[in-house]
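[1] Got a predicted model here, sequence first, then my questions.
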Amino acid sequence: MECKYFKPSDEHEQCGSCNLGGMSYEEQLDYKITKEQQRFENFYTKPLEVIKSEDGAFRNRVEFRIFHKMGQISYAMNDTNRKLLPIESCSIVSDDISSLMTILLKKVQENNELLRKFFMVEFLGSTSGDMLVTMIYHRKLDEDWEAEARLLQDELNIKIVGRSRKQKLILDTDTIEEELTINGKKFKFKYQEGGFTQPNQKVNEKMIEWVLRNIDAKDDLCELYCGGGNFTIPLSKVFDNVLATEISKTSIRSAKLNCTLNDVNNIKFIRMSSEEFVEARTGVREYRRLKQEDVNLDSYNFSTIFMDPPRAGLDDTTRALSKQFDQIIYISCNPETLHRDLEELTKTHEIKNFALFDQFAFSKHIESGVVLQRKA
Ligand SMILES: C[S@@+](CC[C@H](N)C(=O)[O-])C[C@H]1O[C@@H](n2cnc3c(N)ncnc32)[C@H](O)[C@@H]1O
């Protein structure tokens, strides 16, 4: 993949986003495989399964700072010294985002209302061609901004959300439509701006298929950190009932909508932190939210817990609770906290499958998936 910001030059430092960008796709992947194979060798000695990414144009979600210099703007990333590096293009973003970047910048440059104190931009694209652009400002957004943003939205056929401190201005909608193909079957999703979405949809589809291939599906499923139902909805097809929890109100709203879109009726989505779920499950505290959703935790026959936590991994109580399930599926975006959590989980459970998903190609980050079964 060609990118002039991968390597430092006389003009600039290397872009700090793709810190393995100086390598070929295979080299950077081999580097990460070797590192993770060594990291996890005390738990798992078989070769890790590897799910590759496309080697360019794979990111459907990205954010850039806006760099202002003498009335001119450009996109900017942090370089390896954490200084702003102005960039004209980015080789890892989807083709839709890439072409929009150029035209959006030109239009904003020509329009003082949209230009003034424009600080940051987030692009969220989808495989169905939908595009949500969040424009973030260091000033209050007023009717004049709104009128100009509306014209831009219509001209570029995108959805714009304006944000500044304590302000969110939705022009028409703050949702985006996505369609995933999982084992040949189509699933529809609607995501609201501000909720979590996976950044590399092709790898995301392969992750969901990997879980479905390796899971021993029976009885009921308990899911923590479910986001907008990305894994939940495909997994609901192979379990009797699913109880899925998540801390973000925005994501739970999307998850419930996604259930309806896919005509799924065996999932209950509850807004609860994992810590709160542990308290409810262990009887430490009763939660009205469960009653309101007509959920009786004792009525479930859980065989499996599925967890896809943020980078911090599992807290102590969630880690302890997860050991009560016969099967544990753990998706992780941080090998360090995954390793810490496996120290404990492998005392009672054995790793059956372990895969690396190269969601964040050309960066040092990698996603992992582990299936654990209770030891005999
Ligand atoms: C890596 S994302 C995974 C989301 C989802 N599985 C997906 O594939 O889109 C982690 C999710 O955990 C949620 N989260 C963060 N801290 C949490 C907590 N303490 N309890 C429950 N959910 C939490 C975030 O809001 C986010 O949606």
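    Sure thing, it's come through.

[2] What residues sit buried inside stretch 90-110?
    Using 16 or more other C-beta atoms under 10 Å as the test for burial, stretch 90-110 gives 90-94, 96-98, 100-101, 104-105, 107-108. For every residue, glycine as well, the C-beta is placed using N, CA and C.

[3] Show me what it is in contact with.
    Stretch 90-110 has contacts (C-beta atoms under 8 Å, 6 or more residues apart in numbering) with 1-3, 5, 17-18, 56-60, 62, 64, 72-75, 77, 89, 114-115, 118, 121, 123, 125, 129, 131, 133, 152, 155-156, 158, 361-362.

[4] buried subset of those?
    Looks like the contacts of stretch 90-110 have 1, 3, 5, 17-18, 56-60, 62, 64, 74-75, 77, 114-115, 118, 121, 123, 125, 131, 133, 152, 158, 361-362 buried, using 16+ other C-beta under 10 Å.

[5] Name the SS class of K107, please.
    Three-state assignment for K107 (DSSP: H, G, I helix; E, B strand; the rest coil): helix.

[6] residues in contact with the closest residue to M131 other than its chain neighbours?
    The shortest distance from M131 to any non-neighbouring residue, by C-beta to C-beta, 6 or more residues apart in numbering, is to I158 (4.6 Å). I158 sits next to 100, 131-133 when contact means C-beta under 8 Å, 6+ apart.

[7] tell me which of those is nearest to N334?
    Distance to N334 across the contacts of I158 (C-beta to C-beta) is lowest for L132, with 26.5 Å.

[8] What residues are bridge-paired with the closest one?
    L124, K159 (DSSP bridges).

[9] Could you give the number of residues near it?
    L132 has 22 neighbours, counted by other C-beta atoms under 10 Å.

[10] The ligand contacts on this structure?
    Near the ligand, the residues belonging to the chain are 196, 198, 224-228, 230-231, 246-248, 251, 273-275, 308-310, 333 when assessed by C-beta under 6 Å from any ligand atom.

[11] what do you get if the cut-off is 5 Å, keeping everything else the same?
    Contact residues (C-beta under 5 Å from any ligand atom) of the chain with the ligand: 196, 225, 227, 230, 246-248, 251, 273-274, 308, 310.

[12] which pair in those residues spans the largest distance?
    Using C-beta to C-beta, these span at most 18.6 Å, a distance reached by N230 and S273.

[13] Neighbour count: those two, which is higher?
    In this view N230 and S273 are compared by other C-beta under 10 Å, and N230 has more residues nearby, 26 against 16.

[14] and the closest residue to the ligand within the stretch 151-300 of the chain, how many neighbours?
    As assessed by C-beta to the nearest ligand atom, the ligand sits closest to G227 within the stretch 151-300 of the chain, at 2.7 Å. Counted by other C-beta under 10 Å, the residues lying close to G227 total 24.

[15] right, and L169 touches E143 too?
    No: using C-beta atoms under 8 Å, L169 is not in contact with E143; the gap is 10.0 Å.

[16] who has more neighbours, the two?
    Neighbours per residue, other C-beta under 10 Å: of L169 and E143, the larger number sits with L169, 19 against 8.

[17] can you count the residues close to the closest residue to that one other than its chain neighbours?
    Nearest residue to L169 in three dimensions, chain neighbours excluded: G162, at 4.0 Å (C-beta to C-beta, 6+ apart). By the criterion of other C-beta under 10 Å, G162 has 20 neighbours.

[18] pLDDT of whichever strand or helix holds G162, averaged?
    Secondary structure assignment for G162, by DSSP states H and E: strand 159-164. Strand 159-164 comes out with an average pLDDT of 98.

[19] CA atoms only: put that strand into CSV for me.
    Extracted in CSV, the C-alpha atoms of strand 159-164 (Å, rounded to 0.1, in the frame of the first residue of the first chain):
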residue,chain,number,x,y,z
LYS,A,159,-25.7,13.1,6.8
ILE,A,160,-24.1,15.8,8.9
VAL,A,161,-24.1,16.2,12.7
GLY,A,162,-22.6,19.4,14.2
ARG,A,163,-21.0,19.2,17.6
SER,A,164,-19.4,21.7,20.0
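
[20] Which strands and helices lie in contact with it?
    strand 131-137, helix 143-156, strand 167-170 (3 or more C-beta pairs under 8 Å, 6 or more residues apart in numbering; DSSP states H and E).

[21] residues in contact with stretch 169-186?
    For stretch 169-186, contacts defined as C-beta under 8 Å, 6+ apart pick out 124-128, 130-132, 141, 145-146, 149-150, 153, 159-163, 168, 187-194, 197, 201, 204-205, 208-209, 212, 230, 234, 254.

[22] now with 6 Å?
    With C-beta atoms under 6 Å, 6 or more residues apart in numbering as the test, stretch 169-186 has contacts from 124, 126-128, 130, 132, 141, 150, 153, 159-162, 187-193, 205, 208-209, 234.

[23] quick check, G21 in a helix?
    No: secondary structure of G21 (three-state DSSP): coil, not part of a helix.

[24] what's the neighbour count on the residue lying closest to it once chain neighbours are set aside?
    Leaving aside its chain neighbours, G21 sits nearest to F6 (3.3 Å; criterion: C-beta to C-beta, 6+ apart). F6: 18 surrounding residues under other C-beta under 10 Å.
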